[in-house]
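Novice: any chance you could fold what I've pasted below:
(2 chains)
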Amino acid sequence: MDIENLLKEQIVKSFDAIFDIDLSKDEIHLQPTRKEFEGSHTFVTFPYGKATRKSPEETGKLLGAFLKENSPEVQDFNVVKGFLNIVVADETCMAVLSAIKENPEHGELPANGKSVVVEYSSPNTNKPLHLGHLRNNFLGYSISEILKAAGYTVTRVNLVNDRGIHICKSMLAYQKWGKGETPASSGIKGDHLIGNYYVKFDKEYKKEIEALVKAGMDEDIAKKKAPLMRSAQEMLKKWEEGDQEVVGLWKQMNDWVYEGFEVTYKNMGIDFDAYLYESNTYILGKDIVEEGLEKKVFFKKDNGSVWADLSDEGLDQKLVLRSDGTSVYMTQDLGTADLKYQHYHFDKSIYVVGNEQDYHFVVLFKILRKLGRPYAEGLYHLSYGMVDLPTGKMKSREGTVVDADELMREMVDTAKKHTIELGKIEDFSQDQANDLYHILGLGALKYFLLKVDPKKRMLFDPQESIEFQGHTGPFIQYTYARIAAIVRKGHQLEIEPDQIDPKGISSLHPIEKTLTLLLHEFPSKVKAAADDFSPSVITQYAYDLAKEYNRFYAEVSIFNVADPKAMEFRILLSFLVARTLKKAMKLLGIDVPDRM
RNA sequence: GGUUCCAUAGCUCAACUGGAUAGAGCAACUGCCUUCUAAGCAGUAGGUUACAGGUUCGAUUCCUGUUGGAAUCACCA
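Specialist: Numbers count the residues shown, from 1 in each chain, chains lettered A, B, ... in the order given. Reported below is the predicted structural model:
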């Protein structure tokens, strides 16, 4: 049963009966009633004035009266100007709650037989993960969970960027200045150790450029001629030729990085179904370049470089293969797209990549369409905004980044501090306490990064840090823990939620009704989040639900009521709110604690 | 300079895709713990939705222009 759908049907019938106007259900649009008015669903009558030949207000009144008379689900109505506010019947809400209780999979949509590949994280192996990566990872993980709940089969792929000039920069710096340092010898986590050398390279490289410019060289030329850059390029060439020493160093350093990443991913609670490595995929696109030349999608310039001409689509020309025959980013991505399709036969393929690469993906998708790839329509760039600091953009090379490991540690520390101050878990073991700090700290961080619309850039102020009060992860976790306490107390009284029948209460408190209808909305929120690829739909929903529950908690007594049916109803309602909050948070990759 | 995106309370964000008096949180101020967890609840204050036009019953939302900001336009990724 879907109340909104049902009301739409009733409204269609009413239009037919009263005005002899034939509407389809899809034309009817309902919106939530603003809380200053009575009711839950609102139908706007302004657009129908011409057809009904009545004022919007009169139209609303006629419709409302008809609904109240003929629909058992409509208990009452009121009309304000052109707004018809509908009050859903108590019995309907009880039936709704009963149905939700009976369905442990409430909020999980039936399997739709479609598969989707979600690519996210995709780190470079030359530096540790930072705040920007956190947004990427949390988004990718969450959207995967949401798509699963929406009925898709999901494969999560991490395409590791493990080769290229930037990797050689770290390698070169290590070779020159590393003195055989290892994670073991220095006590530095592998990814951080490598990152240090990437920064070192940039510092020395800049010195070289400066010196050359001072000697009278043009800056652009100096950037290319600087000895360090030339050495790095030479190293890349050796790597591509399979030079043993270079490849050996590359393997060694990448292994250190992977050890570091593994720890970070584990802390984040992020994982993948498959890994792809660019060192394996970078050659793949070359066949497609040939194919594109045959199909006249690409053309070759005199120097041998290959280009896609997209000027007929309002874009310019784009390089797909260098004149020396080596591949560029675009070449690889063409090849990897095919590879993914061969492996997974996806209906949709999502790329979770920052919006600085918008243009790249526009071009990539257009080319694949021109090449007649059957999967081209299912490609989607989930383009998310950058995370800015108050000081501006983060730059790894300049060391002005918020490090992921450090930030997570700080969040957990802050959670610990808050928890100890409140002193509610003094009977916890050390392990239990540490688990809780982790759940809360990561919950705060994930919620903070996911609550903003992915498309928008957002600001992170490390000074003010992340809140644990108000519109936050811990607020929702707290609400869950509160309800867990209620359920425990119910258990002591031998009242078990799954044995409660919510029907047959004499009347419902308005907040009980609101909560029930909110629970009822969960599946449609999951669908909306999946359709928009937007976890923020879920964060907002979880917040609204938790907020409303806390209002209920403050206003209504659960165990201190005369009517045992009313008490049971409230326990069941609480239980189902908790169940739904837990599910919603799971879609965000956030755990909830039983106590906090 | 071309293209794309953005601009909402002091700050961080919403606004169900064109609907009611634009909502939350933080920060400030007032109340509420002898009763189920105060990481909570209730309230006060805070707005010319960057600016100027236009479209219509109705605009934060759509169109045009202006101002300010970001990204991108590499034989980098």
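Novice: number of nearby residues for the closest residue to RNA strand B within chain A?
Specialist: With CB to the nearest atom of the strand as the measure, residue A:470 is the residue of chain A nearest to RNA strand B, at 2.0 Å. From N, CA and C alone the C-beta is placed, and that goes for glycine too. By other CB atoms under 10 Å, 9 other residues sit near residue A:470.
Novice: just to be sure, residue A:445 is in a helix?
Specialist: Yes - under DSSP: H, G, I helix; E, B strand; the rest coil, residue A:445 sits within a helix.
Novice: and the helix or strand harbouring residue A:61, how far out from the chain middle?
Specialist: Using DSSP states H and E, residue A:61 falls within helix A:56-70. In terms of CA atoms, centre = their mean, to the nearest Å, the centre of helix A:56-70 is found 42 Å from the chain centre.
Novice: same thing with stretch A:109-117?
Specialist: When distances are taken as CA atoms, centre = their mean, stretch A:109-117 is centred 18 Å away from the chain's centroid.
Novice: dump that stretch to CSV, keeping only the CA atoms.
Specialist: Extracted in CSV, the C-alpha atoms of stretch A:109-117 (Å, rounded to 0.1, in the frame of the first residue of the first chain):
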residue,chain,number,x,y,z
LEU,A,109,13.2,-2.2,-3.4
PRO,A,110,12.7,-5.4,-5.4
ALA,A,111,15.5,-6.6,-7.6
ASN,A,112,15.3,-4.9,-11.0
GLY,A,113,17.6,-7.2,-12.8
LYS,A,114,20.0,-4.4,-13.7
SER,A,115,23.6,-4.3,-12.9
VAL,A,116,25.7,-1.3,-12.3
VAL,A,117,29.5,-0.7,-11.9
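Novice: my guess is the residue of chain A closest to RNA strand B is in a strand, correct?
Specialist: No - looking at residue A:470 with three-state DSSP, it is coil, so not inside a strand.
Novice: hmm, back to that, after the helix holding residue A:61 comes which helix or strand?
Specialist: With elements assigned by DSSP H and E, the helix or strand that comes after helix A:56-70 is strand A:74-80.
Novice: tell me what the helix or strand that comes right after that next one is packed against?
Specialist: Once strand A:74-80 ends, the next helix or strand along the chain (criterion: DSSP H and E) is strand A:83-88. Under the contact definition 3 or more CB pairs under 8 Å, 6 or more residues apart in numbering; DSSP states H and E, strand A:83-88 sits against strand A:41-44, helix A:56-70, strand A:74-80.
Novice: and strand A:83-88, how far from the chain's centre?
Specialist: Distance of strand A:83-88 from its chain centroid, counting by CA atoms, centre = their mean, is 34 Å.
Novice: also stretch A:284-293?
Specialist: 34 Å.
Novice: and the stretch 151-300 of chain A, which residues reach RNA strand B?
Specialist: Counting by CB under 7 Å from any atom of the strand, the residues of the stretch 151-300 of chain A close to RNA strand B are A:161, A:164-166, A:278.
Novice: list the buried ones in the helix holding residue A:61?
Specialist: Residues of helix A:56-70 classed as buried: A:56-57, A:59-64, A:66-68 (neighbour count, 16 or more other CB atoms under 10 Å).
Novice: returning to what we had before: tell me which two of the residues of the stretch 151-300 of chain A next to RNA strand B sit farthest apart.
Specialist: The largest distance within these, taken as CB to CB, falls between A:165 and A:278 and amounts to 12.3 Å.
Novice: of these two, which one has the most company?
Specialist: residue A:278 (22 against 13).
Novice: contacting residues around the more buried one?
Specialist: Residue A:278 is in contact with A:159-164, A:332, counting by CB atoms under 8 Å, 6 or more residues apart in numbering.
Novice: among the residues you listed, which are located in strands?
Specialist: A:159-160 (DSSP state E).
Novice: where's the most centrally placed residue in chain A, which helix or strand?
Specialist: Centroid-nearest residue in chain A: residue A:139, 2.8 Å away (criterion: CA atoms, centre = their mean). Assessed by DSSP H and E, residue A:139 sits inside helix A:131-149.
Novice: mind exporting that helix as PDB, just the C-alpha atoms?
Specialist: Output in PDB follows, covering the C-alpha atoms of helix A:131-149 (Å, rounded to 0.1, in the frame of the first residue of the first chain):
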ATOM      1  CA  LEU A 131      40.000  15.000   2.800                       C
ATOM      2  CA  GLY A 132      39.000  15.200  -0.900                       C
ATOM      3  CA  HIS A 133      39.500  11.400  -1.200                       C
ATOM      4  CA  LEU A 134      37.300  10.900   1.900                       C
ATOM      5  CA  ARG A 135      34.400  12.600   0.100                       C
ATOM      6  CA  ASN A 136      35.000  10.500  -2.900                       C
ATOM      7  CA  ASN A 137      35.200   7.200  -1.000                       C
ATOM      8  CA  PHE A 138      32.200   7.900   1.300                       C
ATOM      9  CA  LEU A 139      30.200   9.000  -1.700                       C
ATOM     10  CA  GLY A 140      31.200   5.900  -3.800                       C
ATOM     11  CA  TYR A 141      30.500   3.500  -1.000                       C
ATOM     12  CA  SER A 142      27.200   5.100   0.000                       C
ATOM     13  CA  ILE A 143      25.900   5.300  -3.500                       C
ATOM     14  CA  SER A 144      26.700   1.700  -4.000                       C
ATOM     15  CA  GLU A 145      24.700   0.800  -0.900                       C
ATOM     16  CA  ILE A 146      21.900   2.900  -2.100                       C
ATOM     17  CA  LEU A 147      21.800   1.400  -5.500                       C
ATOM     18  CA  LYS A 148      21.800  -2.100  -3.900                       C
ATOM     19  CA  ALA A 149      18.800  -1.100  -1.800                       C
END
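Novice: who's in contact with residue A:48?
Specialist: Neighbouring residues of residue A:48 by CB under 8 Å, 6+ apart: A:15, A:21, A:56, A:59.
Novice: so which of those is the closest to residue A:497?
Specialist: If you rank the contacts of residue A:48 by distance to residue A:497 using CB to CB, residue A:15 comes first, at 41.0 Å.
Novice: need the max-distance pair from the buried residues of helix A:56-70.
Specialist: Pairwise distances across the buried residues of helix A:56-70 (CB to CB) peak at 18.4 Å, for the pair A:56 and A:68.
Novice: residue A:483 touches residue A:550, doesn't it?
Specialist: No - using CB atoms under 8 Å, residue A:483 is not in contact with residue A:550, being 10.2 Å away.
Novice: so which of these two has more stuff around it?
Specialist: Comparing residue A:483 with residue A:550 by other CB under 10 Å, the one with more neighbours is residue A:483, at 26 against 14.
Novice: all helices for the stretch 301-450 of chain A, in order.
Specialist: Counting by DSSP state H, counting those that start in this stretch, one finds helices in the stretch 301-450 of chain A at the ranges A:329-344, A:358-370, A:404-422, A:430-450.
Novice: the second one vs helix A:329-344, what angle?
Specialist: Calculated by axes from the mean of the first three to the mean of the last three CA atoms, to 10 degrees, helix A:358-370 forms an angle of 60 degrees with helix A:329-344.
Novice: which residues touch helix A:358-370?
Specialist: A:292, A:295, A:297, A:308, A:310, A:313, A:315, A:318, A:320, A:329-330, A:333-334, A:337, A:351, A:353, A:375-377, A:379, A:381, A:383.
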